[in-house]
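K.L.:
Just need the structure, nothing else, for what follows:
(one chain, ligands or ions: 3)
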Amino acid sequence: MGKKLYIETVGCQMNMLDSELAVAALRKEGYELVDSPKKADTILFNTCSVRAHAEEKIYSALGRLKHTKSYHPDKIIGVMGCMAQNHQETVFKRAPYVDLVLGPGQLHQLPELLQDIQTNGGRRIEVSLDRRAASRKTVEASFESYDPLRDPQMRPTPYQAFVRIMIGCDKFCTYCIVPKVRGPEQSRSPEEIELEVKQLAAEGCREITLLGQTVNSYKVRSNGQTVRLSDLLVRLHEIPGIDRIKFVTNYPNDMRADLVEAVRDLPKCSPYFHVPAQSGCNEVLKGMRRGYTVEMYRDMLAMIRDRIPEAAITSDFIVGFCGETDASFEKTMQLVREARFKNSFIFKYSPRPGTKGADQLPDDIPDAVKKERNNALLAVQNQISEEDNQPFIGTQAEILVEGPSKTSQKRGESGHSLQLTGRTTCDRIVVFDGNPRQIGQILPVRIYDANAFTLFGSVITDHVGPQLFQLGRVPSPSS
Ligand code: SAH
Ligand code: SF4
Ligand code: F3S
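P.N.:
Ligands and ions are numbered 1, 2, ... in the order given. The predicted structure follows:
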(Lines give C-alpha, C1' and ligand atoms only; values in the text may rest on other atoms or scores of the structure.)
(Ligands and ions follow the chains in the order given, each with its own letter.)
Protein backbone atom coordinates (compact mmCIF):
# COMPACT_ATOMS: atom_id res chain seq x y z
CA MET A 1 0.00 0.00 0.00
CA GLY A 2 1.39 3.38 -1.00
CA LYS A 3 1.91 6.16 1.47
CA LYS A 4 1.21 9.29 -0.49
CA LEU A 5 -0.49 11.91 1.62
CA TYR A 6 -2.59 14.91 0.60
CA ILE A 7 -3.73 17.29 3.33
CA GLU A 8 -5.97 20.33 3.07
CA THR A 9 -6.16 22.77 5.97
CA VAL A 10 -8.74 25.45 6.75
CA GLY A 11 -9.30 27.52 9.89
CA CYS A 12 -6.96 29.31 12.24
CA GLN A 13 -3.28 29.04 13.18
CA MET A 14 -4.12 26.19 15.57
CA ASN A 15 -5.12 24.10 12.58
CA MET A 16 -2.04 25.10 10.59
CA LEU A 17 0.07 23.92 13.50
CA ASP A 18 -1.91 20.68 13.87
CA SER A 19 -1.42 19.92 10.17
CA GLU A 20 2.31 20.48 10.53
CA LEU A 21 2.43 18.08 13.48
CA ALA A 22 0.30 15.48 11.68
CA VAL A 23 2.53 15.57 8.61
CA ALA A 24 5.68 15.33 10.74
CA ALA A 25 4.30 12.25 12.51
CA LEU A 26 3.24 10.63 9.24
CA ARG A 27 6.54 11.34 7.47
CA LYS A 28 8.19 9.36 10.25
CA GLU A 29 5.99 6.45 9.19
CA GLY A 30 7.20 6.77 5.60
CA TYR A 31 4.48 9.00 4.15
CA GLU A 32 5.34 11.43 1.39
CA LEU A 33 3.37 14.64 0.73
CA VAL A 34 1.70 15.12 -2.65
CA ASP A 35 -0.04 18.19 -4.02
CA SER A 36 -3.40 16.80 -5.15
CA PRO A 37 -5.99 14.28 -3.93
CA LYS A 38 -5.62 12.46 -7.26
CA LYS A 39 -2.02 11.49 -6.53
CA ALA A 40 -2.73 10.52 -2.92
CA ASP A 41 -3.44 7.24 -1.14
CA THR A 42 -4.50 9.09 1.99
CA ILE A 43 -6.51 12.31 1.84
CA LEU A 44 -6.93 14.35 5.00
CA PHE A 45 -9.05 17.44 5.66
CA ASN A 46 -8.16 19.47 8.72
CA THR A 47 -11.41 21.30 9.32
CA CYS A 48 -12.90 24.36 11.06
CA SER A 49 -16.36 24.94 12.54
CA VAL A 50 -16.17 28.62 13.42
CA ARG A 51 -18.67 29.64 10.70
CA ALA A 52 -21.14 27.57 8.64
CA HIS A 53 -19.26 28.48 5.46
CA ALA A 54 -16.08 26.76 6.70
CA GLU A 55 -18.01 23.54 7.24
CA GLU A 56 -19.87 23.67 3.93
CA LYS A 57 -16.60 24.11 2.07
CA ILE A 58 -15.36 20.82 3.48
CA TYR A 59 -18.58 18.94 2.67
CA SER A 60 -18.31 20.21 -0.91
CA ALA A 61 -14.71 19.03 -1.10
CA LEU A 62 -15.78 15.65 0.29
CA GLY A 63 -18.63 15.53 -2.25
CA ARG A 64 -16.11 15.89 -5.06
CA LEU A 65 -14.31 12.78 -3.79
CA LYS A 66 -17.37 10.52 -3.88
CA HIS A 67 -16.60 9.15 -7.33
CA THR A 68 -12.87 8.92 -6.70
CA LYS A 69 -13.58 6.74 -3.71
CA SER A 70 -15.93 4.46 -5.68
CA TYR A 71 -13.22 3.87 -8.31
CA HIS A 72 -10.42 3.65 -5.73
CA PRO A 73 -11.90 2.17 -2.58
CA ASP A 74 -8.39 1.74 -1.14
CA LYS A 75 -7.87 5.48 -0.84
CA ILE A 76 -8.33 6.54 2.78
CA ILE A 77 -10.30 9.72 3.43
CA GLY A 78 -9.98 11.32 6.86
CA VAL A 79 -11.75 14.30 8.42
CA MET A 80 -9.83 15.75 11.33
CA GLY A 81 -9.97 19.00 13.32
CA CYS A 82 -12.80 21.03 14.79
CA MET A 83 -15.61 19.89 12.48
CA ALA A 84 -14.74 16.27 13.24
CA GLN A 85 -15.25 17.01 16.93
CA ASN A 86 -18.36 19.08 16.26
CA HIS A 87 -20.21 16.75 13.87
CA GLN A 88 -18.80 13.37 14.89
CA GLU A 89 -21.01 10.58 13.37
CA THR A 90 -22.82 13.15 11.21
CA VAL A 91 -19.73 13.30 9.00
CA PHE A 92 -20.31 9.62 8.11
CA LYS A 93 -24.00 10.34 7.47
CA ARG A 94 -23.26 13.16 5.06
CA ALA A 95 -20.25 11.47 3.44
CA PRO A 96 -20.53 7.69 4.02
CA TYR A 97 -17.27 7.02 2.18
CA VAL A 98 -15.19 8.82 4.83
CA ASP A 99 -12.95 6.34 6.69
CA LEU A 100 -11.77 8.37 9.65
CA VAL A 101 -13.21 11.11 11.89
CA LEU A 102 -10.61 12.45 14.30
CA GLY A 103 -11.12 15.29 16.82
CA PRO A 104 -8.33 17.83 17.40
CA GLY A 105 -7.70 16.39 20.87
CA GLN A 106 -6.94 12.98 19.31
CA LEU A 107 -4.24 13.96 16.86
CA HIS A 108 -1.70 11.69 18.56
CA GLN A 109 -3.68 8.66 17.38
CA LEU A 110 -3.51 9.52 13.67
CA PRO A 111 -0.60 7.30 12.48
CA GLU A 112 -1.90 4.27 14.34
CA LEU A 113 -5.47 4.70 13.13
CA LEU A 114 -4.43 5.07 9.49
CA GLN A 115 -2.32 1.94 9.81
CA ASP A 116 -5.23 0.09 11.38
CA ILE A 117 -7.61 1.15 8.59
CA GLN A 118 -5.07 0.09 5.96
CA THR A 119 -4.63 -3.31 7.53
CA ASN A 120 -8.11 -4.13 8.71
CA GLY A 121 -10.41 -1.83 6.71
CA GLY A 122 -13.56 -0.28 8.17
CA ARG A 123 -14.29 3.10 9.67
CA ARG A 124 -12.84 4.72 12.78
CA ILE A 125 -14.00 7.61 14.90
CA GLU A 126 -11.97 9.10 17.76
CA VAL A 127 -13.19 12.28 19.42
CA SER A 128 -12.81 13.89 22.84
CA LEU A 129 -15.48 13.97 25.51
CA ASP A 130 -18.31 16.47 25.43
CA ARG A 131 -17.72 19.29 27.93
CA ARG A 132 -20.56 18.12 30.14
CA ALA A 133 -19.94 14.38 29.76
CA ALA A 134 -17.71 13.97 32.80
CA SER A 135 -15.73 15.84 35.47
CA ARG A 136 -13.56 18.71 34.27
CA LYS A 137 -10.39 16.68 34.90
CA THR A 138 -11.63 13.76 32.81
CA VAL A 139 -12.76 16.02 29.96
CA GLU A 140 -9.41 17.87 30.09
CA ALA A 141 -7.54 14.58 29.84
CA SER A 142 -9.54 13.62 26.75
CA PHE A 143 -8.14 16.66 24.87
CA GLU A 144 -4.56 15.57 24.70
CA SER A 145 -2.06 18.32 23.91
CA TYR A 146 0.19 16.96 21.22
CA ASP A 147 3.28 18.86 20.13
CA PRO A 148 6.19 16.47 19.69
CA LEU A 149 7.43 16.50 16.08
CA ARG A 150 7.86 19.46 13.78
CA ASP A 151 8.04 19.67 10.02
CA PRO A 152 9.66 22.88 8.69
CA GLN A 153 8.47 22.10 5.14
CA MET A 154 4.87 22.41 6.22
CA ARG A 155 5.42 25.94 7.47
CA PRO A 156 5.16 28.99 5.23
CA THR A 157 8.89 29.37 5.95
CA PRO A 158 11.27 27.26 8.06
CA TYR A 159 12.31 30.46 9.86
CA GLN A 160 8.91 31.04 11.42
CA ALA A 161 6.97 28.64 13.62
CA PHE A 162 3.86 28.48 15.75
CA VAL A 163 4.23 27.23 19.31
CA ARG A 164 1.14 26.23 21.23
CA ILE A 165 1.17 27.47 24.80
CA MET A 166 -2.50 26.80 25.58
CA ILE A 167 -5.25 24.55 24.32
CA GLY A 168 -9.01 25.05 24.60
CA CYS A 169 -11.07 27.98 25.84
CA ASP A 170 -13.28 28.65 28.86
CA LYS A 171 -14.76 32.02 27.87
CA PHE A 172 -17.89 30.69 26.19
CA CYS A 173 -18.71 33.78 24.12
CA THR A 174 -22.29 33.02 23.08
CA TYR A 175 -21.58 32.93 19.33
CA CYS A 176 -18.50 30.73 19.52
CA ILE A 177 -18.07 27.00 18.91
CA VAL A 178 -14.41 26.89 19.96
CA PRO A 179 -14.91 25.97 23.67
CA LYS A 180 -16.99 23.00 22.52
CA VAL A 181 -14.64 21.70 19.86
CA ARG A 182 -11.29 22.53 21.45
CA GLY A 183 -12.28 21.66 25.02
CA PRO A 184 -11.34 23.17 28.39
CA GLU A 185 -8.65 25.83 28.66
CA GLN A 186 -5.29 24.30 29.63
CA SER A 187 -1.89 25.99 29.73
CA ARG A 188 1.21 23.98 28.83
CA SER A 189 4.14 23.88 31.21
CA PRO A 190 6.76 26.57 30.66
CA GLU A 191 9.50 23.93 30.70
CA GLU A 192 7.88 22.03 27.85
CA ILE A 193 7.42 25.24 25.85
CA GLU A 194 11.03 26.29 26.45
CA LEU A 195 12.30 22.92 25.23
CA GLU A 196 10.21 23.17 22.09
CA VAL A 197 11.44 26.70 21.32
CA LYS A 198 15.07 25.65 21.89
CA GLN A 199 14.55 22.79 19.48
CA LEU A 200 13.04 25.13 16.87
CA ALA A 201 15.95 27.57 17.31
CA ALA A 202 18.41 24.71 16.82
CA GLU A 203 16.66 23.92 13.52
CA GLY A 204 17.17 27.52 12.33
CA CYS A 205 13.83 29.05 13.29
CA ARG A 206 14.13 32.78 14.06
CA GLU A 207 10.57 33.87 14.78
CA ILE A 208 8.04 32.14 16.99
CA THR A 209 4.36 32.94 17.39
CA LEU A 210 2.87 31.66 20.63
CA LEU A 211 -0.65 30.37 20.16
CA GLY A 212 -3.67 30.29 22.43
CA GLN A 213 -7.35 31.17 21.95
CA THR A 214 -6.86 33.64 24.81
CA VAL A 215 -3.07 33.61 24.85
CA ASN A 216 -2.77 36.38 27.44
CA SER A 217 -4.78 34.31 29.93
CA TYR A 218 -1.80 31.90 30.08
CA LYS A 219 -1.24 30.91 33.67
CA VAL A 220 0.58 27.97 35.23
CA ARG A 221 1.55 27.18 38.82
CA SER A 222 5.13 25.97 38.69
CA ASN A 223 7.36 25.29 41.72
CA GLY A 224 5.00 27.24 43.98
CA GLN A 225 4.98 30.26 41.66
CA THR A 226 2.51 31.59 39.12
CA VAL A 227 3.94 31.83 35.62
CA ARG A 228 2.05 34.24 33.34
CA LEU A 229 2.63 35.12 29.70
CA SER A 230 4.89 38.03 30.73
CA ASP A 231 7.11 35.60 32.70
CA LEU A 232 7.14 33.13 29.83
CA LEU A 233 8.27 35.89 27.44
CA VAL A 234 11.21 36.67 29.72
CA ARG A 235 12.25 33.00 29.66
CA LEU A 236 11.87 32.59 25.89
CA HIS A 237 13.70 35.86 25.26
CA GLU A 238 16.86 34.22 26.62
CA ILE A 239 16.95 31.54 23.93
CA PRO A 240 19.77 32.22 21.45
CA GLY A 241 18.81 32.12 17.78
CA ILE A 242 15.26 33.35 18.36
CA ASP A 243 15.03 36.96 17.14
CA ARG A 244 11.31 37.64 17.23
CA ILE A 245 8.50 36.58 19.53
CA LYS A 246 4.82 37.21 18.79
CA PHE A 247 1.63 35.89 20.40
CA VAL A 248 -2.03 35.59 19.37
CA THR A 249 -4.97 35.90 20.23
CA ASN A 250 -5.44 38.24 23.19
CA TYR A 251 -8.57 38.50 25.29
CA PRO A 252 -9.32 42.16 26.17
CA ASN A 253 -10.08 41.55 29.86
CA ASP A 254 -6.85 39.68 30.46
CA MET A 255 -4.61 42.36 28.93
CA ARG A 256 -2.52 43.25 31.98
CA ALA A 257 0.07 45.99 32.30
CA ASP A 258 2.81 43.45 33.17
CA LEU A 259 2.39 41.84 29.74
CA VAL A 260 2.47 45.12 27.83
CA GLU A 261 5.52 46.22 29.82
CA ALA A 262 7.28 42.92 29.12
CA VAL A 263 6.70 43.49 25.38
CA ARG A 264 7.99 47.06 25.74
CA ASP A 265 11.11 46.00 27.64
CA LEU A 266 12.09 42.86 25.76
CA PRO A 267 13.53 43.83 22.37
CA LYS A 268 12.73 40.48 20.72
CA CYS A 269 8.99 40.84 21.45
CA SER A 270 6.97 42.34 18.62
CA PRO A 271 4.95 45.42 19.62
CA TYR A 272 1.92 43.84 18.01
CA PHE A 273 -1.35 42.97 19.77
CA HIS A 274 -4.26 41.17 18.15
CA VAL A 275 -7.03 41.87 20.63
CA PRO A 276 -10.50 41.39 19.14
CA ALA A 277 -13.25 43.81 20.20
CA GLN A 278 -16.09 42.01 18.31
CA SER A 279 -18.46 44.99 18.70
CA GLY A 280 -18.47 48.62 19.80
CA CYS A 281 -21.91 48.43 21.41
CA ASN A 282 -22.44 47.46 25.05
CA GLU A 283 -25.80 45.73 24.48
CA VAL A 284 -24.31 43.57 21.75
CA LEU A 285 -21.19 42.82 23.84
CA LYS A 286 -23.51 41.75 26.64
CA GLY A 287 -25.45 39.43 24.30
CA MET A 288 -22.11 38.00 23.16
CA ARG A 289 -21.06 37.56 26.82
CA ARG A 290 -17.67 39.05 26.12
CA GLY A 291 -17.36 40.20 29.72
CA TYR A 292 -16.35 43.82 29.02
CA THR A 293 -17.93 47.11 27.99
CA VAL A 294 -16.69 49.28 25.18
CA GLU A 295 -15.42 51.73 27.83
CA MET A 296 -13.28 48.96 29.35
CA TYR A 297 -12.02 48.05 25.90
CA ARG A 298 -11.06 51.69 25.24
CA ASP A 299 -9.21 51.85 28.58
CA MET A 300 -7.31 48.71 27.61
CA LEU A 301 -6.28 50.31 24.29
CA ALA A 302 -5.17 53.43 26.14
CA MET A 303 -3.13 51.31 28.55
CA ILE A 304 -1.26 49.68 25.64
CA ARG A 305 -0.70 52.97 23.81
CA ASP A 306 0.44 54.72 26.97
CA ARG A 307 3.22 52.18 27.35
CA ILE A 308 3.99 51.47 23.68
CA PRO A 309 2.81 54.42 21.56
CA GLU A 310 3.93 52.78 18.31
CA ALA A 311 2.21 49.43 19.04
CA ALA A 312 0.31 47.87 16.14
CA ILE A 313 -3.12 46.81 17.37
CA THR A 314 -5.50 44.65 15.33
CA SER A 315 -9.03 43.44 15.97
CA ASP A 316 -11.85 41.12 14.92
CA PHE A 317 -15.50 42.18 14.54
CA ILE A 318 -18.71 40.25 14.07
CA VAL A 319 -21.46 42.18 12.28
CA GLY A 320 -25.14 41.25 12.34
CA PHE A 321 -25.12 39.52 15.72
CA CYS A 322 -28.59 38.96 17.25
CA GLY A 323 -30.25 42.28 18.08
CA GLU A 324 -27.61 44.50 16.42
CA THR A 325 -29.55 47.63 15.43
CA ASP A 326 -28.40 50.38 13.08
CA ALA A 327 -27.53 52.39 16.18
CA SER A 328 -25.44 49.54 17.65
CA PHE A 329 -23.64 49.11 14.36
CA GLU A 330 -22.90 52.86 14.26
CA LYS A 331 -21.20 52.45 17.66
CA THR A 332 -18.97 49.76 16.17
CA MET A 333 -18.13 52.09 13.27
CA GLN A 334 -17.30 54.76 15.83
CA LEU A 335 -14.96 52.44 17.75
CA VAL A 336 -13.14 51.51 14.54
CA ARG A 337 -12.79 55.19 13.55
CA GLU A 338 -11.37 56.05 16.96
CA ALA A 339 -9.22 53.03 17.73
CA ARG A 340 -7.26 53.16 14.48
CA PHE A 341 -6.50 49.45 14.35
CA LYS A 342 -3.71 48.42 12.00
CA ASN A 343 -6.28 46.11 10.47
CA SER A 344 -9.45 44.27 11.43
CA PHE A 345 -10.94 40.97 10.39
CA ILE A 346 -14.67 41.38 9.88
CA PHE A 347 -17.13 38.48 9.89
CA LYS A 348 -20.85 38.16 9.31
CA TYR A 349 -22.50 36.46 12.26
CA SER A 350 -23.04 32.76 11.59
CA PRO A 351 -25.17 30.95 14.21
CA ARG A 352 -23.44 27.78 15.39
CA PRO A 353 -25.79 25.06 16.65
CA GLY A 354 -24.77 24.04 20.15
CA THR A 355 -23.84 27.56 21.24
CA LYS A 356 -25.98 29.78 23.49
CA GLY A 357 -26.26 32.36 20.73
CA ALA A 358 -27.75 29.91 18.24
CA ASP A 359 -29.90 28.03 20.73
CA GLN A 360 -31.36 30.98 22.66
CA LEU A 361 -31.15 34.12 20.54
CA PRO A 362 -32.84 34.67 17.16
CA ASP A 363 -30.61 35.23 14.13
CA ASP A 364 -32.67 38.31 13.35
CA ILE A 365 -30.46 40.34 11.02
CA PRO A 366 -31.05 39.57 7.33
CA ASP A 367 -28.03 38.44 5.37
CA ALA A 368 -28.24 41.47 3.07
CA VAL A 369 -27.89 43.77 6.10
CA LYS A 370 -24.99 41.73 7.46
CA LYS A 371 -23.29 42.06 4.08
CA GLU A 372 -23.90 45.80 3.93
CA ARG A 373 -22.49 46.32 7.43
CA ASN A 374 -19.52 44.11 6.66
CA ASN A 375 -18.68 46.21 3.59
CA ALA A 376 -19.22 49.51 5.39
CA LEU A 377 -16.98 48.57 8.30
CA LEU A 378 -14.33 47.19 5.97
CA ALA A 379 -14.30 50.42 3.97
CA VAL A 380 -13.71 52.48 7.13
CA GLN A 381 -10.99 50.11 8.32
CA ASN A 382 -9.23 50.02 4.93
CA GLN A 383 -9.17 53.80 4.79
CA ILE A 384 -7.55 53.88 8.25
CA SER A 385 -5.06 51.13 7.34
CA GLU A 386 -4.03 53.12 4.28
CA GLU A 387 -3.69 56.39 6.21
CA ASP A 388 -1.68 54.67 8.93
CA ASN A 389 0.75 53.19 6.44
CA GLN A 390 1.55 56.55 4.81
CA PRO A 391 3.88 57.88 7.56
CA PHE A 392 6.15 54.87 6.96
CA ILE A 393 7.10 56.25 3.54
CA GLY A 394 10.68 57.50 3.73
CA THR A 395 11.46 55.61 6.95
CA GLN A 396 13.61 52.55 7.55
CA ALA A 397 12.44 49.23 8.91
CA GLU A 398 13.84 45.83 9.71
CA ILE A 399 12.14 42.90 8.04
CA LEU A 400 12.33 39.14 8.29
CA VAL A 401 12.34 37.97 4.66
CA GLU A 402 9.67 35.30 4.15
CA GLY A 403 9.87 34.39 0.46
CA PRO A 404 8.71 35.31 -3.04
CA SER A 405 5.69 37.60 -3.16
CA LYS A 406 2.53 36.12 -4.62
CA THR A 407 2.87 38.14 -7.78
CA SER A 408 6.57 37.54 -8.30
CA GLN A 409 7.68 35.87 -11.50
CA LYS A 410 9.75 32.76 -11.90
CA ARG A 411 12.82 34.78 -12.79
CA GLY A 412 14.19 34.22 -9.27
CA GLU A 413 14.91 30.59 -10.02
CA SER A 414 18.09 31.45 -11.87
CA GLY A 415 19.29 33.31 -8.79
CA HIS A 416 18.48 36.77 -10.13
CA SER A 417 16.46 39.39 -8.41
CA LEU A 418 12.78 38.75 -7.76
CA GLN A 419 10.01 40.30 -5.76
CA LEU A 420 10.17 39.12 -2.15
CA THR A 421 8.03 39.77 0.91
CA GLY A 422 9.10 40.27 4.46
CA ARG A 423 7.45 41.40 7.64
CA THR A 424 8.30 44.18 10.05
CA THR A 425 8.32 43.39 13.73
CA CYS A 426 4.87 44.97 14.05
CA ASP A 427 3.53 42.57 11.42
CA ARG A 428 3.45 44.89 8.40
CA ILE A 429 4.10 43.25 5.04
CA VAL A 430 6.92 44.75 2.98
CA VAL A 431 7.41 43.90 -0.70
CA PHE A 432 10.85 44.54 -2.22
CA ASP A 433 13.16 43.43 -5.03
CA GLY A 434 15.63 40.97 -3.64
CA ASN A 435 17.45 37.74 -4.14
CA PRO A 436 16.37 34.24 -3.02
CA ARG A 437 19.53 34.10 -0.87
CA GLN A 438 17.98 36.71 1.38
CA ILE A 439 15.08 34.49 2.44
CA GLY A 440 15.27 33.88 6.19
CA GLN A 441 17.45 36.94 6.85
CA ILE A 442 16.56 40.01 8.84
CA LEU A 443 17.35 43.01 6.62
CA PRO A 444 17.05 46.79 6.80
CA VAL A 445 14.82 48.32 4.14
CA ARG A 446 13.80 51.84 3.18
CA ILE A 447 10.09 52.26 2.54
CA TYR A 448 9.24 54.25 -0.59
CA ASP A 449 5.51 53.57 -1.03
CA ALA A 450 2.50 52.15 0.81
CA ASN A 451 -1.12 51.16 0.37
CA ALA A 452 -3.65 49.83 2.90
CA PHE A 453 -2.16 46.34 3.02
CA THR A 454 1.46 46.57 1.91
CA LEU A 455 4.59 48.69 2.30
CA PHE A 456 6.99 48.79 -0.64
CA GLY A 457 10.70 49.05 0.13
CA SER A 458 14.25 48.54 -1.06
CA VAL A 459 17.06 46.88 0.83
CA ILE A 460 19.61 49.24 2.32
CA THR A 461 23.04 47.98 1.32
CA ASP A 462 25.38 50.95 1.69
CA HIS A 463 26.19 50.89 5.37
CA VAL A 464 26.74 47.23 6.32
CA GLY A 465 29.43 44.80 5.29
CA PRO A 466 28.70 41.58 3.40
CA GLN A 467 29.59 39.41 6.40
CA LEU A 468 26.77 40.90 8.40
CA PHE A 469 24.38 40.05 5.61
CA GLN A 470 25.62 36.48 5.57
CA LEU A 471 24.93 36.14 9.24
CA GLY A 472 21.54 37.64 8.64
CA ARG A 473 21.89 39.74 11.74
CA VAL A 474 21.96 43.30 10.60
CA PRO A 475 21.62 45.93 13.29
CA SER A 476 18.73 48.29 12.77
CA PRO A 477 20.02 51.30 10.84
CA SER A 478 18.37 53.59 13.30
CA SER A 479 19.84 51.88 16.38
N1 SAH B 1 -10.01 33.11 20.37
C2 SAH B 1 -10.07 34.20 19.52
C3 SAH B 1 -10.66 33.94 18.16
C4 SAH B 1 -11.61 32.84 17.94
S5 SAH B 1 -12.35 32.62 16.39
C6 SAH B 1 -10.78 35.31 20.26
O7 SAH B 1 -11.30 35.13 21.30
O8 SAH B 1 -10.80 36.40 19.75
C9 SAH B 1 -11.81 33.96 15.40
C10 SAH B 1 -12.84 34.99 15.14
O11 SAH B 1 -13.94 34.44 14.44
C12 SAH B 1 -13.45 35.62 16.37
O13 SAH B 1 -12.66 36.62 16.92
C14 SAH B 1 -14.76 36.15 15.86
O15 SAH B 1 -14.63 37.45 15.39
C16 SAH B 1 -15.08 35.21 14.71
N17 SAH B 1 -16.19 34.31 15.02
C18 SAH B 1 -16.26 33.37 15.99
N19 SAH B 1 -17.47 32.77 15.99
C20 SAH B 1 -18.18 33.33 14.98
C21 SAH B 1 -19.50 33.15 14.49
N22 SAH B 1 -20.33 32.28 15.03
N23 SAH B 1 -19.90 33.92 13.44
C24 SAH B 1 -19.06 34.82 12.88
N25 SAH B 1 -17.82 35.04 13.32
C26 SAH B 1 -17.37 34.31 14.36
FE1 SF4 C 1 -14.39 31.85 21.13
FE2 SF4 C 1 -14.64 33.74 22.93
FE3 SF4 C 1 -13.05 31.66 23.39
FE4 SF4 C 1 -12.35 33.44 21.58
S5 SF4 C 1 -12.59 33.82 23.78
S6 SF4 C 1 -12.28 31.23 21.36
S7 SF4 C 1 -14.29 34.07 20.71
S8 SF4 C 1 -15.26 31.61 23.19
FE1 F3S D 1 -11.80 27.04 13.38
FE2 F3S D 1 -11.15 25.35 15.24
FE3 F3S D 1 -9.62 27.41 14.77
S4 F3S D 1 -13.18 26.09 14.85
S5 F3S D 1 -11.04 28.97 14.06
S6 F3S D 1 -10.00 25.78 13.37
S7 F3S D 1 -9.97 26.46 16.73
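K.L.:
OK, contacts around the residue in the stretch 201-350 of the chain positioned nearest to ligand 3?
P.N.:
Closest approach of the stretch 201-350 of the chain to ligand 3 (C-beta to the nearest ligand atom) occurs at Gln213, with a separation of 6.8 Å. In short, each C-beta sits where N, CA and C put it, glycine included. Applying C-beta atoms under 8 Å, 6 or more residues apart in numbering to Gln213 gives the contacts Met14, Met166, Gly168, Cys169, Lys171, Val178, Arg182, Glu185, Thr249.
K.L.:
tell me the SS of it?
P.N.:
On the three-state scheme (DSSP: H, G, I helix; E, B strand; the rest coil), Gln213 is labelled coil.
K.L.:
how much space between it and Ala339?
P.N.:
As for Gln213, its distance to Ala339 is 22 Å (criterion: C-beta to C-beta, to the nearest Å).
K.L.:
so where's the stretch 301-450 of the chain shaky on pLDDT?
P.N.:
408-416 (pLDDT under 70).
K.L.:
out of the contacts of Gln213, which are buried?
P.N.:
Those of those that meet the buried threshold are Met14, Met166, Gly168, Cys169, Lys171, Val178, Arg182, Glu185, Thr249, by 16 or more other C-beta atoms under 10 Å.
K.L.:
Farthest pair within those residues?
P.N.:
Met14 and Lys171 (15.3 Å; C-beta to C-beta).
K.L.:
doesn't Asn46 make contact with Thr9?
P.N.:
Yes: counting by C-beta atoms under 8 Å, Thr9 does reach Asn46; the two are 4.4 Å apart.
K.L.:
What strand or helix carries Glu283?
P.N.:
Glu283 is part of helix 282-288 when elements are defined by DSSP states H and E.
K.L.:
Could you measure from the residue in the stretch 351-479 of the chain that ligand 3 sits nearest to over to His53?
P.N.:
Nearest residue of the stretch 351-479 of the chain to ligand 3: Arg352, at 9.0 Å (C-beta to the nearest ligand atom). Arg352 sits 11 Å away from His53 when distances are taken as C-beta to C-beta.
K.L.:
Ok, Glu330 next?
P.N.:
Relative to His53, and taking C-beta to C-beta, Glu330 is found at 26 Å.
K.L.:
quick one, what contacts Arg307?
P.N.:
Ala257, Val260, Glu261, Arg264.
K.L.:
Next, give phi and psi for the closest residue to Asp151 other than its chain neighbours.
P.N.:
Among residues not flanking Asp151 along the chain, Ala24 sits closest, at 3.7 Å (C-beta to C-beta, 6 or more residues apart in numbering). Here is the backbone geometry of Ala24 (degrees, to the nearest 10): phi -60, psi -40.
K.L.:
Which residues of the stretch 251-400 of the chain lie near ligand 2?
P.N.:
Residues of the stretch 251-400 of the chain lying near ligand 2 by C-beta under 6 Å from any ligand atom: Tyr251.
K.L.:
what about the strands in the stretch 251-400 of the chain?
P.N.:
Using DSSP state E, counting those that start in this stretch, the strands of the stretch 251-400 of the chain run over residues 272-274, 312-319, 344-348, 396-404.
K.L.:
Quick one: work out the angle between the very next helix or strand once past the longest one and strand 312-319.
P.N.:
This means strand 396-404. Going down the chain from strand 396-404, the next helix or strand is strand 418-424, by DSSP H and E. Counting by axes from the mean of the first three to the mean of the last three C-alpha atoms, to 10 degrees, strand 418-424 lies at 90 degrees to strand 312-319.
K.L.:
what inclination does strand 418-424 have with respect to strand 396-404?
P.N.:
Using the same axes, to 10 degrees, strand 418-424 lies at 130 degrees relative to strand 396-404.
K.L.:
gap between strand 418-424 and the chain center?
P.N.:
20 Å (C-alpha atoms, centre = their mean, to the nearest Å).
K.L.:
quick check: domain ranges of the chain?
P.N.:
With domains defined by automatic domain parsing, the chain comprises 3-140, 142-387, 393-468.
K.L.:
How about the first one and ligand 2, touching?
P.N.:
To tie it back to what came earlier, the one meant is domain 3-140. No: if you take C-beta under 6 Å from any ligand atom as the test, domain 3-140 misses ligand 2, and the best it gets is 8.1 Å.
K.L.:
what mean pLDDT does that domain have?
P.N.:
The average pLDDT for domain 3-140 rounds to 96.
K.L.:
Does Tyr272 touch Ala312 like I think?
P.N.:
Yes: with contacts counted by C-beta under 8 Å, Tyr272 reaches Ala312, the gap being 4.7 Å.
K.L.:
More neighbours: the two, which one.
P.N.:
It is Tyr272, of Tyr272 and Ala312, that has more neighbours when counted by other C-beta atoms under 10 Å, with 23 against 19.
K.L.:
Tell me where the stretch 1-150 of the chain has strands.
P.N.:
With DSSP E, counting those that start in this stretch as the criterion, the stretch 1-150 of the chain has strands at 4-9, 32-33, 42-47, 76-81, 100-102, 124-126.
K.L.:
residues in the stretch 101-250 of the chain within reach of ligand 1, list them.
P.N.:
For the stretch 101-250 of the chain, the residues in contact with ligand 1 (C-beta under 6 Å from any ligand atom) are Tyr175, Cys176, Val178, Gln213, Thr214, Thr249.
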